[in-house]
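Engineer: Whatever this is, show me its structure:
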Amino acid sequence: MKSRKGFTIIEVLVVIVILGLLATFLVPKIMDKPDEARVAKAKNDILAIDSALKMYKLDNGVYPTTEQGLEALVEKPEIEPIPKNYRKGGYLDSSNAPTDPWENPYVYRSPGDDDRDYDIISLGSDGKEGGEEYASDIKSYEIK
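Structural biologist: Residues are numbered from 1 along each chain as shown. Below is the predicted model of the structure:
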């Protein structure tokens, strides 16, 4: 009798079932990782912007106004109050105002709510105020 090498249909089906079960449990966990990474990046970006705003105030005595926006950190503002000691090259390593990981501009308000000097907000994955989970807003004053 000749010996045949290869897999039987039963062995192939067992392997397919096992792979299907693994995919059922692993894929949902892996699929959330990009959103988690975007949230972490937004938080780190907000912390970097926060530091840049503090450097801006140290140099110029005031924070940029809401009208000047975060663009004031990359290019000297041309509307009042014009900074007198603006740092050559700006305060962020960028040629444009920063955007969040979902390519939406960060919301900047100065003065901020509740007597804060300013607020920096990412509107999350949906680009709208409010939201839940990955669509929820990420606010500078809530980052710990």
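
Engineer: If we go by neighbour counts, what in the longest helix along the chain is buried?
Structural biologist: Secondary structure of the chain read by DSSP state H shows that its longest helix is helix 33-60. Across helix 33-60, burial judged by 16 or more other CB atoms under 10 Å covers Asp35, Arg38, Val39, Ala42, Lys43, Asp45, Ile46, Ile49, Ala52, Leu53, Tyr56, Asn60. The way it works is simple: take the backbone N, C-alpha and C, and place the C-beta from them, glycine included.

Engineer: Now do the contacts for the residue nearest to the second one when sequence neighbours are not counted.
Structural biologist: What sits nearest to Arg38 in space, not counting adjacent residues and going by CB to CB, 6 or more residues apart in numbering, is Pro101, at 3.9 Å. The contact partners of Pro101, by CB atoms under 8 Å, 6 or more residues apart in numbering, come to Ala37, Arg38, Val39, Lys41, Ala42, Asp45, Ser122.

Engineer: Show me which of the residues you listed is closest to Ser94.
Structural biologist: Using CB to CB, Asp45 is the member of the contacts of Pro101 that sits closest to Ser94, with 10.4 Å.

Engineer: list the contacts for that closest one?
Structural biologist: Taking CB under 8 Å, 6+ apart, we find Asp45 in contact with Pro98, Asp100, Pro101, Tyr106, Ser122.

Engineer: sorry, back to before: for the contacts of Pro101, work out which two are farthest apart.
Structural biologist: Ala37 and Ser122 (13.6 Å).
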